[in-house]
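>>> Attaching a predicted model along with its sequence, questions to come.
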Amino acid sequence: MKTLDVIVFGYAEFAKEIVSQVNEAYRSVEVFALSQDNVDQAIKDGFKASLVTLDDNWEIFEAFNLKETLFICALEDDASNVYLTIGLRDGLEDARLIALASTQEHASKLHLAGANKVISKLQATSDLIIDVLEKPIVSHIMQDILQEQSALKTVQVEISEDSKLDTRSLHEIALEVQSELIVLAVIDEKMQTHFVFTSSGYKHLLKVGDILVVIGYDEDIENFRRMI
Amino acid sequence: MQEQGQTQERLSSSSYKERYVGLFARMLVDLAYTLQTSPSYKKTKLFFYNLLENHAYSYKRYFDLFMMLLIFSSVVILIREVKSPVNDFWSFFNDYFISLVFLIEYLLRFWVVSDTSMIIINQYEKDELLQRKFRLGRAFAKVLLTKWNYVRSVAAIIDLLAIMPFFHELRLLRLFILFRVFKIFRYTQNMQYFGYVLSHKKFELFTLLTFASVVIFVASVMIYIMEANNPASPINSLFDAFYWSIVTISTVGYGDVTPITDAGRGVAVLVIISGIAVISFATSIVVTAFTEKLDEIRENQILSEIKKLKHFYLICGYGIIAKQTASKLRRSGRNVVILDTDVERIKEAKENKLHALALDPASLSSYQTMGIDFDKQVRAVILLRDSDILNVYTALTLRSITHSINILSLLHEKKNRRKLRLAGARNIVYAQELIGLLSKEYSGRPIAFETLSLLRSEDSGATMEEVVVDERVAQNFRDVAALHIHQHRLILIGLSKIDVEHFIFNPSSDIPLKQGDIMIIVGEHSMIHEFKLHIHKRPR
């Protein structure tokens, strides 16, 4: 399911950065803040913003198609963020939720509250610090991919019903396309969250619905899409 | 006429003298400059200084052990000699070899204790600046003073006495071997700490000694008066009285000499009570001294450990991100040193088994106290202080010490990025931006995001690693094809070429490998480890 709309809760320092990063990439980005000051600030910064409370009045999101909408819980206060996440999960069962956690303890609470993905601010920052120092080239590549600064892209390609790749082995495909791009991993259609890295899962047989993660240049990726 | 001739003679003799002195002074200054600019001389002197005085120097411990071994063997030979003569080899070893080693050590210490050439140069430059004649005498006086200060120090006197048995013809001097035992103080840091701690209680110890001396003196005289005329009493001389007083006041009480008169026993009671006071007072002085200096001793211990670390990351500030970063670095086997002004945070870092010091990271004196070699020991400095102001200030302090060190700083507010860069931070981590990018990546390509996250996570089986092509690997493998990377179930993502400073994504098999290139490899930890071993193995 492709994300078209993004709803960001909160407008503190982290939420601001999220809004500015995702603003251009989606059909609509809307800020819902708990204080009027934050709403005013968001509007001043050029974003669509509304006031919201944590009182389970989720009917305000009825206008959004939940399958195409991503909710990002980025409230400054940890407890409020957990409460918001559990409220959204309760009120909007099918909603896709990303939540920001300040600590590992907070991250596990957000998982329990029903967030699909939790991004730990602390973990991500310390990981980046260590990567920059210990693996500078890896860190540079990752940063380039994230910031989309280089022509190198990491994309996910789903194997459709009419694909030539159905029933072929992961290793075979990886070797076949190795001069153009790298097939990094595959996510199994049945096991949804189970990753098979090409390096270790060379016997894995591809099926319709599997999603390949590939790294390569735009043109090569497009050729690959056409090929499969 | 005759007087004039004598005056002229005196004058010419004095000008000759002046010329010779001037020539000698010039030669001395030239020699001083030659020594100061000679790398081999400085290197040699530094080596001996480190060996003799620098506890952080890795070879010092071996030198200390060697010297302690010599001391103990010397004492063992002395003890053996009491009952039966030792053979010629051991006599020679003791009288000549050990003494010679100690003599060389003494002379080396005498040499490294001060920088004579620097003293001469300083005096010369000072006189030049003030446009006056070089005062050779003054320079000599300064040199002699620094050397004399060393010679009259307790440690140097013990060193000198320990050499005396070298003159073995003087039998009395053989007893000086015992002074060699005192040399152990030089080679054990804990003994030095003990002396250092007690030296801070000089006044209290002196007071105690005075009190004990007065009590001993008075008690000796009193017991002598009370007991000496009694034929049944074992106290017959002033020495007996003195011996009894010492044994009693120290609460040892052998019982071989005891008063028998009532008056004498009365004195004994007073001495016993005084003895208890003296022992209690002495104990409390030592305990207080150690309690007061405990933190300082621990701090010195940490400083000493830090100086011995080959490589470490220096983290300035111990907030929540620093805790996480330090803990991850420790788990990956890296040494970490924490600096923070907050004593509570430092206490927490120490509880987390980290080298931590309550020093201001933005102060030059903190680094002088640490005495570390930035270029050799510090892998990188990580600035994780509570504000951009503190990080900028600390970065500038570090840059004033060294230009080569890699500084990574956390950025709190976007607007300060340029300031941090100007202050010398080579890498800047802005957490807010990172989270924004991650959120965007996840919202657009959740599976690709998870894949990259897993490769960064230390808990997942797979990882993305940098493998350096060193001399051995470059010799063993000519090009990418020779690596047979797929056989190792690994993926070669790219190659960072040292000669072109360019990253080649998905390198083709004919790309040559050169020393210094870096391979970016994806695979399981164990497979990468095995691959690293394989490429370093000599080809059959």
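Structure's in. What do you need? Predicted model, so just to flag it, every value in this text is computed and none were measured.
>>> Could I get the full set of strands for the chain?
If you meant another chain, say so; for now it's chain A. A:5-9, A:28-33, A:48-51, A:69-73, A:96-101, A:117-120, A:152-158, A:182-187, A:195-197, A:211-217 (DSSP state E).
>>> let's do chain B instead
Under DSSP E, chain B gives strands at B:312-316, B:336-339, B:355-357, B:378-383, B:407-410, B:427-429, B:462-468, B:491-497, B:502-505, B:518-524.
>>> residues making contact with the fourth one?
Same thing as strand B:378-383. With C-beta atoms under 8 Å, 6 or more residues apart in numbering or on different chains as the test, strand B:378-383 has contacts from A:129, A:133, B:311-317, B:322, B:325, B:334, B:361, B:372, B:391, B:394-395, B:398, B:405-410, B:425. The C-beta positions use only the backbone N, C-alpha and C, and glycine is treated the same way.
>>> Quick one, grab the pLDDT at B:Val221.
B:Val221 carries a pLDDT value of 94.
>>> What about it, how many residues nearby?
B:Val221: 15 surrounding residues under other C-beta atoms under 10 Å in any protein chain shown.
>>> returning to that earlier point: tabulate the strands of chain A (JSON lines), appending mean pLDDT, distance to B:Ala212 and mean neighbour count.
Shown next, in JSON lines, are those (pLDDT from 0 to 100; distance: least, C-beta to C-beta, whole Å; neighbours: other C-beta atoms under 10 Å in any protein chain shown):
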{"stretch": "strand A:5-9", "mean pLDDT": "91", "distance to B:Ala212": "78", "mean neighbour count": "23"}
{"stretch": "strand A:28-33", "mean pLDDT": "91", "distance to B:Ala212": "78", "mean neighbour count": "21"}
{"stretch": "strand A:48-51", "mean pLDDT": "90", "distance to B:Ala212": "82", "mean neighbour count": "14"}
{"stretch": "strand A:69-73", "mean pLDDT": "91", "distance to B:Ala212": "75", "mean neighbour count": "26"}
{"stretch": "strand A:96-101", "mean pLDDT": "91", "distance to B:Ala212": "67", "mean neighbour count": "25"}
{"stretch": "strand A:117-120", "mean pLDDT": "90", "distance to B:Ala212": "66", "mean neighbour count": "22"}
{"stretch": "strand A:152-158", "mean pLDDT": "81", "distance to B:Ala212": "82", "mean neighbour count": "19"}
{"stretch": "strand A:182-187", "mean pLDDT": "82", "distance to B:Ala212": "81", "mean neighbour count": "25"}
{"stretch": "strand A:195-197", "mean pLDDT": "69", "distance to B:Ala212": "78", "mean neighbour count": "22"}
{"stretch": "strand A:211-217", "mean pLDDT": "84", "distance to B:Ala212": "83", "mean neighbour count": "22"}
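>>> doesn't B:Asn391 make contact with B:Lys419?
No: using C-beta atoms under 8 Å as the test, B:Lys419 is too far from B:Asn391 to be in contact (9.2 Å).
>>> Adding distance to B:Tyr49, write the strands of chain A out as TSV.
Formatted as TSV, these follow (distance: least, C-beta to C-beta, whole Å):
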stretch	distance to B:Tyr49
strand A:5-9	62
strand A:28-33	65
strand A:48-51	68
strand A:69-73	61
strand A:96-101	53
strand A:117-120	50
strand A:152-158	53
strand A:182-187	55
strand A:195-197	55
strand A:211-217	55
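>>> now what about stretch B:513-522, what contacts it?
A:137-138, A:141, A:184, A:197, A:199, B:455, B:462-471, B:473-474, B:477-480, B:482-483, B:485, B:490-499, B:528, B:531.
>>> For that stretch, measure first residue to last.
18 Å (C-alpha to C-alpha, to the nearest Å).
>>> Let me know the average pLDDT across that stretch.
Stretch B:513-522 comes out at a mean pLDDT of 88.
>>> Buried ones among the contacts of strand B:378-383?
A:129, A:133, B:312-317, B:322, B:325, B:334, B:361, B:372, B:391, B:394-395, B:398, B:405-410, B:425 (16 or more other C-beta atoms under 10 Å in any protein chain shown).
>>> got a markdown table for the strands of chain B, with distance to A:Asn57 too?
Shown next, in a markdown table, are those (distance: least, C-beta to C-beta, whole Å):
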| stretch | distance to A:Asn57 |
| --- | --- |
| strand B:312-316 | 46 |
| strand B:336-339 | 47 |
| strand B:355-357 | 49 |
| strand B:378-383 | 44 |
| strand B:407-410 | 38 |
| strand B:427-429 | 38 |
| strand B:462-468 | 44 |
| strand B:491-497 | 48 |
| strand B:502-505 | 50 |
| strand B:518-524 | 47 |
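>>> mean pLDDT lowest for which of these?
strand B:502-505 (a mean of 82).
>>> Could you tell me which strands sit next to it in the sheet, and their orientation?
Taking DSSP bridges as the criterion, strand B:502-505 sits next to strand B:491-497 (antiparallel) in its sheet.
>>> Now do the partner strand and strand B:462-468, the angle between them.
Per axes from the mean of the first three to the mean of the last three C-alpha atoms, to 10 degrees, the angle that strand B:491-497 makes with strand B:462-468 is 30 degrees.
>>> where in chain B is pLDDT low?
Chain B contains residues with pLDDT under 70 at B:1-14, B:165-177, B:458-460, B:500-501, B:538-540.
>>> Excluding chain neighbours, what is closest to B:Thr258?
B:Pro234 (6.9 Å; C-beta to C-beta, 6 or more residues apart in numbering or on different chains).
>>> who's in contact with the one you found?
Contacts of B:Pro234 (C-beta under 8 Å, 6+ apart): B:Asp240, B:Asp256, B:Val257, B:Thr258.
>>> how many neighbours does the last one have?
So the one you mean is B:Thr258. The burial count assigned to B:Thr258 is 17, neighbours taken as other C-beta under 10 Å.
>>> Also the third one?
One way to gauge burial is a neighbour count; for B:Val257, by other C-beta under 10 Å, it gives 19.
>>> Over to the second one?
As a burial measure, the neighbour count of B:Asp256 was computed by other C-beta under 10 Å and equals 9.
>>> Not counting residues beside it along the chain, what's closest to it?
In space, B:Asp256 is closest to B:Pro234, 7.5 Å off (C-beta to C-beta, 6+ apart).
>>> Do me a favour and get the backbone dihedrals for the one you found.
The phi/psi pair for B:Pro234 (degrees, to the nearest 10) reads phi -80, psi -10.
>>> Would you mind saying which of the strands of chain B lies nearest A:Gly46?
A:Gly46 lies closest to strand B:427-429 among the strands of chain B, at 26.0 Å (C-beta to C-beta).
>>> what are the pairing partners of that closest one, and which direction each?
strand B:407-410 (parallel).
>>> Would you reformat the strands of chain A as a markdown table and include distance to chain B?
Formatted as a markdown table, these follow (distance: least, C-beta to the nearest C-beta, whole Å):
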| stretch | distance to chain B |
| --- | --- |
| strand A:5-9 | 6 |
| strand A:28-33 | 10 |
| strand A:48-51 | 17 |
| strand A:69-73 | 5 |
| strand A:96-101 | 6 |
| strand A:117-120 | 5 |
| strand A:152-158 | 4 |
| strand A:182-187 | 5 |
| strand A:195-197 | 5 |
| strand A:211-217 | 4 |
